[in-house]
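Asks: Here you go, sequence then predicted model.
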Amino acid sequence: MQCTIKEELKQLMNRILCVLIGIVSVLFSGQAQENFPISINVEPDAINFLELDWVKITEYNNSLIQKRKNSFVSVLSDTISVTDTVIDNTVLLSDSAVINICAETSWEKISPRNLYWNLKTNLLYAATLTPNLGLEISWGTQLSLNITGSYNPWNRKGKKGDNDKIVHWMAQPELRYWFCEPTGGHFIGIHAIVTKYNIGGHKFFHIFDKGYRYEGWGVGGGFTYGYSWFLSKKWAIEGFLGIGVVRLGFDKSNNRIWCCTKSEHFTKTYFGLTKVGISLIYNIK
């Protein structure tokens, strides 16, 4: 008899304990849903649209958007956090929620590739009375293509006793890599040089002397380092320095009596500064 009573009391205590645990679980479940909303991360590789009865999207281009009943929410960001998917906490007493997700198309992230155009002129080069103009094109990456051209036509034909000139044209295409963004901060580049010249009465490095006239061509290339500062939304300024190698071929004659003397042909290889300047930049787009 005593064993039977003990077994019945033990079963009764177990039932009471189960009821108490159930009540505590229901109460805690309601508090947890209020204080700790359900969080789901949706990866864009899997879906394009979400179909939810009541959804709060907390991450959507840094803004809060709320959609109701049977509406489609377009996935436009890399990761979307969906929270508080329970409509009524008193109705749903279980620890799970069902969310219908419709996968219609695969995710494809398209990065914009807009072209940006900048016009520029080298102020140091212009100080030598050589008109010059540059165009830089970037396409939404850290790369840009910079093309500069110059032409000095002064005293092109020359006069006896007054034959000083730096007549030439020159083109310098350059591919640049920007550490931050185009037209802002540090950059390095690789440039090429093509030029044709008629120079007399001027000394340039160890190649040209004042007493002679040099008429010929040159091709080469080198490396550039520079830095650019934004002055405003449309204006910027940059400083740069280039070192490289140029192969020169020219006819050399006496500068003062060049029309009456025989010229000699020479070829030389120049190594040193290939470009230097301070450019004023206007951002077209």
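Replies: Yep, that arrived. Residues are numbered from 1 along each chain as shown.
Asks: what does stretch 190-199 rub up against?
Replies: Contact partners of stretch 190-199, identified using CB atoms under 8 Å, 6 or more residues apart in numbering, comprise 146, 156, 165-175, 208, 213-224, 242, 244, 246, 250, 274-275. Just so you know, the C-beta spots here come from the backbone N, C-alpha and C atoms, and that holds for glycine as well.
Asks: Quick check: buried residues in it?
Replies: Within stretch 190-199, the residues that count as buried by 16 or more other CB atoms under 10 Å are 191, 193-195, 197-199.
Asks: same deal with stretch 170-185?
Replies: Under 16+ other CB under 10 Å, the buried positions of stretch 170-185 are 170, 172, 174, 176, 178, 182-183.
Asks: and which of the residues you listed is nearest Phe204?
Replies: Nearest to Phe204 among the buried residues of stretch 170-185, counting by CB to CB, is Met170 at 13.1 Å.
Asks: And the residue nearest to that closest one when sequence neighbours are not counted, how far from Gly239?
Replies: Nearest non-adjacent residue to Met170, counting by CB to CB, 6 or more residues apart in numbering: Thr195, 4.0 Å away. Computed as CB to CB, to the nearest Å, the Thr195 to Gly239 distance reads 22 Å.
Asks: same check, this time on Ile166
Replies: 23 Å.
Asks: Between those two, tell me which one has more neighbours.
Replies: Comparing Ile166 with Gly239 by other CB atoms under 10 Å, the one with more neighbours is Ile166, at 18 against 14.
Asks: Tell me the helix or strand right after the helix or strand where the more buried one lies.
Replies: In this structure, Ile166 sits in strand 165-178 according to DSSP states H and E. Downstream of strand 165-178, the first helix or strand assigned by DSSP H and E is strand 185-200.
Asks: what angle separates that next one from strand 165-178?
Replies: 160 degrees (axes from the mean of the first three to the mean of the last three CA atoms, to 10 degrees).
Asks: mean confidence for strand 185-200?
Replies: On average, the pLDDT along strand 185-200 is 95.
Asks: and it, which strands flank it?
Replies: Strand 185-200 sits in its sheet next to strand 165-178 (antiparallel), strand 212-230 (antiparallel), going by DSSP bridges.
Asks: which regions of the stretch 101-250 of the chain lie under the pLDDT threshold?
Replies: Scanning the stretch 101-250 of the chain for pLDDT under 70 picks out the ranges 101-113, 158-162.
Asks: ok, back up a step: give me the beta-bridge partners of the residue nearest to Met170?
Replies: For Thr195, the beta-bridge partners are Met170, Gly218 (DSSP bridges).
Asks: Would you check that Gly222 makes contact with Ile243?
Replies: Yes: with contacts counted by CB atoms under 8 Å, Gly222 reaches Ile243, the gap being 5.3 Å.
Asks: Now for those two: what residues contact both?
Replies: Thr274.
Asks: which of those two has more neighbours?
Replies: Per other CB under 10 Å, whichever of Gly222 and Ile243 has more neighbours is Gly222, with 21 against 14.
Asks: gap between the more buried one and Lys157?
Replies: Relative to Lys157, and taking CB to CB, Gly222 is found at 32 Å.
Asks: Over to Ile243?
Replies: According to CB to CB, Ile243 and Lys157 sit 34 Å apart.
Asks: The strands paired with strand 185-200 into CSV, with extra columns for distance to Leu17?
Replies: Output for the strands paired with strand 185-200, formatted as CSV (distance: least, CB to CB, whole Å):
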stretch, distance to Leu17
strand 165-178, 70
strand 212-230, 72
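Asks: List the contacts of the spatially closest residue to Leu241 that is not a sequence neighbour.
Replies: Once flanking residues are discounted, Leu241 sits nearest to Val276: 5.3 Å by CB to CB, 6+ apart. For Val276, the contact set (CB under 8 Å, 6+ apart) comprises 124, 240-242.
Asks: Near the closest residue to Gly211 other than its chain neighbours, how many other residues are there?
Replies: Once flanking residues are discounted, Gly211 sits nearest to Asn255: 5.8 Å by CB to CB, 6+ apart. Asn255 sits with 21 neighbouring residues when counted by other CB under 10 Å.
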